[in-house]
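Trainee: below: sequence and its predicted model.
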Amino acid sequence: MARRRAVAAVLTAATALSLSVSCGTTSENSGQGGGGAQESECGGPDGKYTIGMSQANVAEPYRQRMDDDIKAAAESVPQFSVEFADAQQDNAKQVSDVENFLTKQIDLLIISPNEATPLTAVVAKAYNKGIPVIVLDRKVDGDAYTTWIGADNVEIGRTAGEYVATTLLPNGGKIGEIRGLAGSTPAKERGDGFREGIEGKDIEIVQSVDGDWLREKGQSQADALFKAHPDIQVLYAHNDPMAEGAYLAAKAAGIEKNLKFIGIDGLPIPSGGLKAVEQGRLSATLIYPTGGAEAVDTAKKLLVDCQDVPKEQTLETELITIDNAATVYNEANS
């Protein structure tokens, strides 16, 4: 059950050797290179701490769930108060949000970057001020942060590709792909991994389009994709909302029964990917844990418990099909 809830961090030996401590770094990093000398100050259990949570875009259900998970976990830590900011998929606004947190002198920053490169410098700025920085889900360039928490998106993409190759298209076929936001690390990694999963098979990705993680854009992009390539057999989307949008486009065209749809996220909510698989709209999804609870636990270790944390914390995932969708949903909500 714990594995299915994806709350365990899987750490490699190399990761375990790279530790960050409670209050950032004294080195001045560009954001492209490694950290320097580490400080070891920690306020301890008697302190009160303000956490700034900079979210990329809460219009995405996954990101709203991430914020909800952070809020719920923080309520059990009496020393914590959390302030949330929504960048609304705007890099400049997210930079401004983080700058605002720094002006308020927050004690720790959690950030899920909209895109990697545009957010790298401001993340490094916070880190170099001695503020612990937890990078959640999406990444920035370099390693000027305290810890990154997320799932292995290359492995997720690879698993999706292998599922398509072995189960949906064992004799080969044609695929359409709806990518996430260009410039966000999961979009590249989920695409790269998927191609690894279908490598050597008689499977062709006939077209890839950008859906920016959004259901509505996924639907419009899929509609054009289906018209341009009526021979597509499988639609691979980088998240469940875009996969659901593609399903709606296919249904409107009367071709949904001719296609298979696969997404990523597997949120355990009525409108999430687990129910979409259980109800037959999606053939499969993959659990992509929000990391919200793990981020708060890490913040507690850094600020309250004065403990070291690993540089990377990789969360477990799971392939969801009709065989296990209901069970995983019920376990996640028990």
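Mentor: Okay, I see it.
Trainee: nearest the geometric middle of this protein, what residue?
Mentor: residue 137 (3.8 Å; Cα atoms, centre = their mean).
Trainee: strand partners of the helix or strand containing residue 286, parallel vs antiparallel please.
Mentor: Taking DSSP states H and E as the definition, residue 286 sits inside strand 285-286. Strand pairing for strand 285-286, determined by DSSP bridges: strand 319-320 (antiparallel).
Trainee: who are the packing partners of whichever helix or strand comes after the strand it pairs with?
Mentor: Going down the chain from strand 319-320, the next helix or strand is helix 325-332, by DSSP H and E. The helices and strands touching helix 325-332, judged by 3 or more Cβ pairs under 8 Å, 6 or more residues apart in numbering; DSSP states H and E, are helix 273-278. Where C-beta positions appear, they are placed from N, C-alpha and C, glycine not excepted.
Trainee: please compute how far the helix it packs on lies from its chain's middle.
Mentor: Averaging C-alpha positions (Cα atoms, centre = their mean, to the nearest Å) puts helix 273-278 18 Å from its chain's average.
Trainee: what does stretch 110-120 give?
Mentor: Taking Cα atoms, centre = their mean, one finds the center of stretch 110-120 at 12 Å from the center of the full chain.
Trainee: try stretch 271-281
Mentor: That offset, for stretch 271-281, works out to 19 Å (Cα atoms, centre = their mean).
Trainee: CA-only coordinates of that stretch in CSV, if you can.
Mentor: Taking Å, rounded to 0.1, in the frame of the first residue of the first chain, the C-alpha atoms of stretch 271-281 are listed here in CSV:
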residue,chain,number,x,y,z
SER,A,271,-11.7,13.9,-12.0
GLY,A,272,-8.2,12.4,-12.0
GLY,A,273,-6.5,9.8,-14.1
LEU,A,274,-7.2,6.8,-11.8
LYS,A,275,-11.0,7.2,-12.4
ALA,A,276,-10.4,7.9,-16.1
VAL,A,277,-8.7,4.5,-16.4
GLU,A,278,-11.3,2.7,-14.2
GLN,A,279,-14.1,4.2,-16.4
GLY,A,280,-12.4,3.2,-19.6
ARG,A,281,-11.5,6.6,-21.1
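Trainee: surely residue 115 and residue 91 touch.
Mentor: Yes. Look at residue 115 against residue 91 with Cβ atoms under 8 Å: they come within range, at 5.7 Å.
Trainee: how far away is residue 178 from residue 168?
Mentor: 16 Å (Cβ to Cβ, to the nearest Å).
Trainee: then residue 227?
Mentor: Where residue 168 is concerned, residue 227 sits at a distance of 22 Å (Cβ to Cβ).
Trainee: pick out whichever of the two has more residues nearby.
Mentor: residue 168 (19 against 10; other Cβ atoms under 10 Å).
Trainee: and that one, what pLDDT?
Mentor: At residue 168, the model reports a pLDDT of 98.
Trainee: so it is in contact with residue 282, correct?
Mentor: No. Using Cβ under 8 Å, residue 168 is not in contact with residue 282, being 11.4 Å away.
Trainee: got any ranges where the protein has weak pLDDT?
Mentor: For the chain, applying pLDDT under 70 flags the ranges 1-41.
Trainee: give me the domain ranges for it.
Mentor: Using automatic domain parsing, the domain parsing of the chain gives 9-151+290-315, 153-288+322-331.
Trainee: rewinding a little: which strands or helices does the helix or strand immediately after the strand holding residue 286 in the chain pack on?
Mentor: Using DSSP H and E, the helix or strand that directly follows strand 285-286 along the chain is helix 292-303. Here helix 292-303 touches strand 49-55, helix 61-74, strand 80-86, strand 108-111, strand 133-136, strand 147-151, strand 309-310, strand 312-315, going by 3+ Cβ pairs under 8 Å, 6+ apart.
Trainee: tell me what angle helix 292-303 forms with strand 49-55.
Mentor: Interaxial angle, helix 292-303 versus strand 49-55 (axes from the mean of the first three to the mean of the last three Cα atoms, to 10 degrees): 140 degrees.
Trainee: just the C-alpha atoms of helix 292-303, please, in PDB.
Mentor: Extracted in PDB, the C-alpha atoms of helix 292-303 (Å, rounded to 0.1, in the frame of the first residue of the first chain):
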ATOM      1  CA  GLY A 292       3.800  17.700  -1.200                       C
ATOM      2  CA  ALA A 293       4.000  15.700   1.900                       C
ATOM      3  CA  GLU A 294       7.600  14.800   1.300                       C
ATOM      4  CA  ALA A 295       8.500  18.500   0.800                       C
ATOM      5  CA  VAL A 296       7.000  19.400   4.200                       C
ATOM      6  CA  ASP A 297       8.700  16.500   5.900                       C
ATOM      7  CA  THR A 298      12.000  17.600   4.400                       C
ATOM      8  CA  ALA A 299      11.400  21.200   5.500                       C
ATOM      9  CA  LYS A 300      10.800  19.900   9.000                       C
ATOM     10  CA  LYS A 301      14.100  18.000   9.000                       C
ATOM     11  CA  LEU A 302      15.900  21.100   7.800                       C
ATOM     12  CA  LEU A 303      14.300  23.700  10.100                       C
END
